[in-house]
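Student: give the three-dimensional model of this entry:
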Amino acid sequence: MKNYEDMSDSQIAQNVFFFVSSNLCPNGGLAHICSDGFFFFDNKNIKRKFDPCNNPSNAWPIIDENNITIINDHPSMRLAVNDAAGYYNGFSGIIASSDENGLRAAMIVFLKINEDKL
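Tutor: Below you'll find the model as predicted:
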C-alpha cells in the first residue's frame, strides 16, 4: 500500500482526479499539476482548480458517494474512516487516516479504498 500521507495535497488531488474525472469533464480534457495546485479544463475549456483536500465542494461528493466519515474526535487531529460503525465497534479491516485536515484524511481514505484500481 502506498504511503498517501507523505504525498502533497496536489499529488493527492491528481490521484483522486483519476477516479472522478469522468464526472468533472465527461468529454475528456486536459489536466496538469503545477506549483499552485492541480488544474483541469472543463467541457467549456475553462481552467478549474481541483483541490479536494481543501475545498469542500470538490471533496463532499466523493465523501458522500463513498460513505466516508470524518470524525472530529481530537481538537487537532481529524480521523476519516470508511466504516464509522465498524470503527467504534472495533471491527477489523477498517480503512482509516488521520490528519489535521479532515478533508485530506478523507481523500487519503478514498485512495486507499480504490488503491487496487490505480
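Student: list the buried residues in stretch 85-104.
Tutor: By 16 or more other C-beta atoms under 10 Å, the buried positions in stretch 85-104 come out as 87, 94-99, 102-104. Every residue, glycine included, has its C-beta placed from N, CA and C.
Student: now do the strands in this protein.
Tutor: 31-34, 37-41, 47-49, 69-74, 77-81, 96-99 (DSSP state E).
Student: got CSV for these, with mean pLDDT and distance to V20 too?
Tutor: Output for the strands of the chain, formatted as CSV (pLDDT from 0 to 100; distance: least, C-beta to C-beta, whole Å):
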stretch, mean pLDDT, distance to V20
strand 31-34, 74, 11
strand 37-41, 82, 10
strand 47-49, 85, 13
strand 69-74, 88, 18
strand 77-81, 90, 17
strand 96-99, 93, 18
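Student: run the chain-centre distance for the lowest-mean-pLDDT helix or strand in the chain.
Tutor: Least confident helix or strand of the chain, by mean pLDDT, DSSP states H and E, is strand 31-34 with a mean of 74. Put simply, strand 31-34 sits 17 Å off its chain's centre (C-alpha atoms, centre = their mean, to the nearest Å).
Student: for F38, which residues are in contact?
Tutor: Listed by C-beta atoms under 8 Å, 6 or more residues apart in numbering, the contact partners of F38 are 10, 13-14, 17, 31-32, 49-51.
Student: top of these by neighbour count?
Tutor: The member of the contacts of F38 that has the most neighbours, counting by other C-beta atoms under 10 Å, is A13 with 27 neighbours.
Student: pretty sure it is touching C53, no?
Tutor: Yes: look at A13 against C53 with C-beta atoms under 8 Å: they come within range, at 6.5 Å.
Student: now the common contact residues for the two.
Tutor: Residues touching both A13 and C53 (C-beta under 8 Å, 6+ apart): M107.
Student: so where is this protein shaky, pLDDT-wise?
Tutor: The chain contains residues with pLDDT under 70 at 1, 23-30, 118.
Student: distance check, F19 against A105.
Tutor: The gap separating F19 from A105 is 17 Å, by C-beta to C-beta, to the nearest Å.
Student: try R48
Tutor: Counting by C-beta to C-beta, the gap from R48 to A105 is 24 Å.
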